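> Can you look at this prediction? I've put the sequence above it.
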Amino acid sequence: MYCIRKITEDLTWVGANDRRLAMFEGVYSVPRGVAYNSYLLNDEKTVLFDTVDKAVRQRLTENIAEALGGRTLDYLVIQHAEPDHTAALSDIILRYPDVKIVCNAKTLAFIRQFYDADIDARVLVVKEGDTLSTGRHTLQFFMAPMVHWPEVMVTYDARSKTLFSADAFGTFGAHNGAIFADEVDFPRNYLDEARRYYANIIGKYGQQVQGLLKKISSLDVQLVCPLHGFVWRRVFTWFLEKYQHWSTYTPEETGVMIAYASVYGNTKNAAEILACRLNDKGIKTVVFDVSVTSASDILSAAFRYSHLVFASTTYNAGIFVTMEALLHDIAAHNLQNRTVAFIQNGSWAPTSAKLMRALIDPLKDMRILEPTVSLASSLKPLQLEQIDALANAISATAPPKPKSASIIQNER
Ligand code: FEO
């Protein structure tokens, strides 16, 4: 059986969905599944752009056979060597023994490392700006190092104005029949997953994403085909603006992401009171218990909002374990340009604020707000002044949105 979608007259989506995978890359939950995109160009020569994960490779080969309609496969372009896009390489070679593998030198080295497939005799190594004519179409290759791995490249087809964008512009979530972003309500139903994908997969590499955006800015792009998520044929500029925000570490909106680690509920209490005080001032908040919500979701929210508050109990003379893991994750993903405040708790020797600050301070353009609220076991009525002082300090740097704007946002 097969399940394919036509993108243009001679370009077909031949990828596959996985809804059984619990953790993408072993660390990111994908409750709505994940799509592995692969595209087949039926020109005078036939070209497959990337393959899929091993879990769904049978569907890929069935799809390719259908889309080829009895023709053979002439080229396989490997834009990214990561196994979720190359696991079916051997299947392709087995079925189409004359296929030529088009990739760059770094990709070739990675393929040799990951697989035993003998591709040296069939490889066509390309570099920045090289072109490959397939008949009516001419493919041009552009390197996009570290978006997400060092070997990544993207491909531009000037005839159809299509950018095959590798991991860039991807989204978590399996397709539900729709493969075009304009076939779904993307802002309402998929933007959060696109942001979580961006922040966790390529969030660390904002500078390199900027490099890619600059490179493609001179191209006339009407169609974008990423390796995960949806194909963009309309409103791509809207999504491009999101990438501009994320890759420059510019908050998407004014608001406060409060993440707390609480053993007996007292640190949580302070976090929730702060959230109420901020909303009294018209400031949007989102609150997470770091022991319950996965780091990938909290990191994604940190990429979204302008202000971050971390509240943690002191534990084994350090930061509570789940908060410490979150902060290391945020630092590892290179988050920048945020206003940050801390709340600590400790029954005999509170140290968590100092230790949390030590993890956040080295990040670029982080502004630390005072006061740091310090609790001794629980929040006492007199300390509400400290919470108010922190709310005021946040408010002074986070002007509330006009009411009409929030209503529009809520209704979207
Ligand atoms: Fe979906 Fe970096 O691979």
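It's in. Numbers count the residues shown, from 1 in each chain.
> which residues of the stretch 101-250 of the chain fall in helices?
105-114, 186-189, 191-197, 206-216, 236-247 (DSSP state H, counting those that start in this stretch).
> Quick one: mean pLDDT for the last one?
By that I understand helix 236-247. Helix 236-247 shows a mean pLDDT of 96.
> For it, which outside residues touch it?
Identification of contacts with helix 236-247 by CB atoms under 8 Å, 6 or more residues apart in numbering yields 168-169, 181, 186-187, 191, 194-195, 198-199, 203, 206-207, 209-210, 213, 221, 224, 232, 250-252, 303. In this view, the C-beta of every residue, glycine as well, is placed from N, C-alpha and C.
> Figure out which of the helices of the stretch 101-250 of the chain is closest to residue 334.
Each of those has some distance to residue 334 by CB to CB; the shortest is helix 206-216, at 6.7 Å.
> Quick one: list the elements packing against the closest one.
Packing partners of helix 206-216 (3 or more CB pairs under 8 Å, 6 or more residues apart in numbering; DSSP states H and E): strand 138-143, strand 153-157, helix 236-247.
> Pick the most deeply packed of these.
Among these, strand 153-157 has the highest mean neighbour count (mean count of other CB atoms under 10 Å), at a mean of 24.
> got the angle between that one and strand 138-143?
Strand 153-157 runs at 150 degrees relative to strand 138-143, counting by axes from the mean of the first three to the mean of the last three CA atoms, to 10 degrees.
> Strand 153-157 pairs with which strands, and in what direction?
strand 138-143 (antiparallel), strand 162-166 (antiparallel) (DSSP bridges).
> got CSV for the ones you listed, with distance to the ligand and mean pLDDT too?
Output for the strands paired with strand 153-157, formatted as CSV (distance: least, CB to the nearest ligand atom, whole Å; pLDDT from 0 to 100):
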stretch, distance to the ligand, mean pLDDT
strand 138-143, 15, 98
strand 162-166, 8, 98
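> can I get these in TSV with distance to residue 91?
Formatted as TSV, the strands paired with strand 153-157 follow (distance: least, CB to CB, whole Å):
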stretch	distance to residue 91
strand 138-143	23
strand 162-166	20
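> And the ones you listed: which comes nearest residue 64?
Closest of the strands paired with strand 153-157 to residue 64 is strand 162-166, at 16.1 Å (criterion: CB to CB).
> got any ranges where the stretch 201-350 of the chain has weak pLDDT?
Counting by pLDDT under 70, the stretch 201-350 of the chain contains no low-confidence segment.
> Relative to the ligand, which residue of it is the closest?
residue 227 (5.2 Å; CB to the nearest ligand atom).
> That residue - how many residues pack around it?
Counted with other CB atoms under 10 Å, the neighbours of residue 227 add up to 27.
> And residue 135, by the same measure?
For residue 135, using other CB under 10 Å, the count is 15.
> and the residue nearest to it when sequence neighbours are not counted, helix, strand or coil?
Distances taken as CB to CB, 6 or more residues apart in numbering put residue 44 closest to residue 135, at 2.7 Å, once the chain neighbours are dropped. Following DSSP: H, G, I helix; E, B strand; the rest coil, residue 44 is assigned to coil.
> Tell me if I'm right that residue 44 and residue 136 touch.
Yes: judged on CB atoms under 8 Å, residue 44 makes contact with residue 136 at a distance of 6.9 Å.
> These two: which has the busier surroundings?
More neighbours surround residue 136 than the other of residue 44 and residue 136, with 13 against 10 (other CB under 10 Å).
> what about the closest residue to that one other than its chain neighbours, how many neighbours?
Using CB to CB, 6+ apart and skipping the chain neighbours, the partner closest in space to residue 136 is residue 43 (5.6 Å). By other CB under 10 Å, the residues close to residue 43 number 19.
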